[in-house]
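> Task: produce atomic coordinates for the following.
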Amino acid sequence: MTNYRNGGAFMKYGVRKPNVKKSIKARTTGKVKRQVKKAVNPFYGKKGMGIVNDPKKAAYNAVYNRTTVGVSDIAKGLTAANGNPAASSSTNAPQKKEYSTNTYSVCGILMIVLGVFLALIGILLLFAVPVGGLIAIVGGVACVIIGRKYRKIAKERRANE
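Reported below is the predicted structural model:
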């Protein structure tokens, strides 16, 4: 019989009381210990395994994490409000990452090579496994088309520079 926080009688909401001892323990749990647990239990550390191992505790934790806030969360919110843009990524709009001309060129070449390779394998598979061969040929053609688009982008960027 498991006893969850507060004996399961009341659900906590609001600000969590900080516990320095637990915070230090969580940060110093060794990598070796996690590796041993993963070697023993193949589901250890995988996302979503909490509900498989203990559904009642997983449901409690899901509600608890949505209804409470930690002191560190509040501190992050305050530093973001004071004008430190690096403190909170939620207040910043997502920015599109710009790639260099060389990156587009290299990606284009690799995609074209991959496409040709897939198409050749598809032709060979066409005789043994027709469906697999067709899928490989279609995938190869798609890769060549994507690669050509990348090369076109790189060419346009070079012309603009």
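> what's the distance between the residue most central in space within the chain and residue 121?
Nearest to the mean C-alpha position of the chain, by Cα atoms, centre = their mean, lies residue 47 at 10.9 Å. Separation of residue 47 from residue 121 (Cβ to Cβ, to the nearest Å): 34 Å. No exception for glycine: its C-beta is placed from N, CA and C like everyone else's.
> cool, residue 43 as well?
Relative to residue 121, and taking Cβ to Cβ, residue 43 is found at 35 Å.
> When the two are compared, which one has more neighbours?
residue 121 (16 against 11; other Cβ atoms under 10 Å).
> mean confidence score for the strand or helix carrying that one?
According to DSSP states H and E, residue 121 maps onto helix 101-128. On average, the pLDDT along helix 101-128 is 88.
> what's the following helix or strand after that helix?
Counting by DSSP H and E, what follows helix 101-128 is helix 130-160.
> sorry, back to before: could you pull out the buried residues of the helix holding residue 121?
Within helix 101-128, the residues that count as buried by 16 or more other Cβ atoms under 10 Å are 104-105, 107-108, 111-112, 114-115, 118-119, 121-122, 125.
> which parts of stretch 29-43 are buried?
Buried residues in stretch 29-43 (16+ other Cβ under 10 Å): none.
> Restrict it to CA atoms and write it as PDB.
Taking Å, rounded to 0.1, in the frame of the first residue of the first chain, the C-alpha atoms of stretch 29-43 are listed here in PDB:
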ATOM      1  CA  THR A  29      22.100  11.400  -7.900                       C
ATOM      2  CA  GLY A  30      24.900   9.800  -9.900                       C
ATOM      3  CA  LYS A  31      25.000   8.800 -13.500                       C
ATOM      4  CA  VAL A  32      26.200   5.400 -12.600                       C
ATOM      5  CA  LYS A  33      23.100   4.800 -10.500                       C
ATOM      6  CA  ARG A  34      20.800   5.700 -13.400                       C
ATOM      7  CA  GLN A  35      22.800   3.400 -15.700                       C
ATOM      8  CA  VAL A  36      22.500   0.500 -13.300                       C
ATOM      9  CA  LYS A  37      18.700   1.000 -13.000                       C
ATOM     10  CA  LYS A  38      18.400   1.200 -16.800                       C
ATOM     11  CA  ALA A  39      20.400  -2.000 -17.200                       C
ATOM     12  CA  VAL A  40      18.100  -3.800 -14.800                       C
ATOM     13  CA  ASN A  41      14.800  -2.200 -16.000                       C
ATOM     14  CA  PRO A  42      14.600  -1.500 -19.700                       C
ATOM     15  CA  PHE A  43      11.600   0.800 -19.100                       C
END
